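K.L.:
The following comprises the amino acid sequence and a computationally predicted model.
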Amino acid sequence: MLEKIWWKKSPDVEEKTLSFRVDEVRQKIVPSHVAIIMDGNGRWAKQRNLPRVMGHREGMNTVRKITRFANRLGIRVLTLYAFSTENWKRPRFEVDFLMKLPVEFLSTYLPELIEENVRVEMIGDFSALPSHTQKAIKNAMDATATNDGLVLNFAMNYGSRLELVDVVKAIGEMTKNGEIRPEDIDEALIESKLMTSHLPEPDLLIRTSGEIRLSNFMLWQLAYAEFNFTDVYWPDFDEECLLSAVEDFQARCRRFGGV
Ligand SMILES: Cc1cc(N2CCCCCC2)n2ncc(-c3ccc(F)cc3)c2n1
């Protein structure tokens with residue numbers, strides 16, 4: 001009996017261990033910007049003989065959990081790949097469900113985000129989203145605009161190649177109207193035209209569910225990021241998973257191309 005008690009960690013022991021590890025992490029360099037490709041929601045549901053959309057809803061709950069914990073760790077920007085430009089190809093029913101998730105998430109958690117001093121932002125083509133989705137996101141961005149805590153940045157209807165095409169078009173216009181010469185075009189000018197121009201580049205990219213691809217996500221911005229690929233499905237990605245990814249990040253020696 002004693003052996004059984006000893007082996008089974010009680011929740012408060014788990015929390016104490018987690019708190020100890022959080023304190024350790026916070027004393028080192030915490031990644032300023034963490035980007036996450038939240039994959040595996042459909043497979044999570046399939047494993048449980050649930051409809052795919054139940055995986056998306058559970059994934060939404062994970063967004064709240066990981067946002068709170070990222071804030072606790074001292075992460076400054078959390079970019080979450082919520083809907084890609086390619087996701088419009090999914091069945092109409094699933095797209096309609098996904099477009100309602102921001103409304104559900106914000107109607108439930110916006111007061112908590114405000115309380116936690118979180119600022120909601122978005123990258124992607126906002127205009128193509130349904131009006132109810134636009135309204136909920138714009139309301140949240142307006143309601144949290146003055147917050148200076150964690151930036152919760154949702155990539156919605158986002159595609160990196162489309163973003164880069166728009167950058168090239170804008171710079172082409174500047175050249176055509178004589179505002180700049182071709183020799184003025186450099187990395188700084190390109191970065192100033194990106195949707196993320198006001199944010200630090202991601203230090204850490206996490207992708208869940210075992211997929212090892214970027215899937216047209218922040219292709220320019222991730223040039224020097226550390227990558228962390230985990231087999232965990234997004235609905236199962238918890239505080240311990242994020243903490244482990246940050247501890248792994250801190251154990252790596254980033255060279256930025258140097259020796
Ligand atoms: C399309 C979509 C899908 C979505 N999933 C849950 C997370 C896993 C990935 C797919 C499904 N989540 N989760 C939260 C949002 C959201 C977006 C914008 C916003 F301002 C507030 C919340 C969301 N949006």
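P.N.:
All right, it came through fine.

K.L.:
Contact partners for residue 140?
P.N.:
Contacts for residue 140 (C-beta atoms under 8 Å, 6 or more residues apart in numbering) come out as 106, 110, 113, 120. Just so you know, the C-beta spots here come from the backbone N, C-alpha and C atoms, and that holds for glycine as well.

K.L.:
So which of the residues you listed would count as near the ligand as well?
P.N.:
106, 120 (C-beta under 6 Å from any ligand atom).

K.L.:
Give me the subset of the contacts of residue 140 lying in helices.
P.N.:
Judged by DSSP state H, the subset of the contacts of residue 140 located in helices is 106, 110, 113.

K.L.:
quick revisit: output the contacts of residue 140 in TSV, with pLDDT and neighbour count appended to each entry.
P.N.:
Converted to TSV, the contacts of residue 140 look like this (pLDDT from 0 to 100; neighbours: other C-beta atoms under 10 Å):
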residue	pLDDT	neighbour count
106	98	20
110	98	17
113	98	24
120	98	26
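
K.L.:
In TSV: the contacts of residue 140, plus distance to residue 138.
P.N.:
Below are the contacts of residue 140 laid out as TSV (distance: C-beta to C-beta, whole Å):
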residue	distance to residue 138
106	10
110	12
113	15
120	10
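
K.L.:
which residues touch the residue in the stretch 1-150 of the chain that the ligand sits nearest to?
P.N.:
The ligand sits closest to residue 59 of the stretch 1-150 of the chain, with a gap of 3.1 Å, by C-beta to the nearest ligand atom. The contact partners of residue 59, taken as C-beta under 8 Å, 6+ apart, are 38, 41, 44, 234-235.
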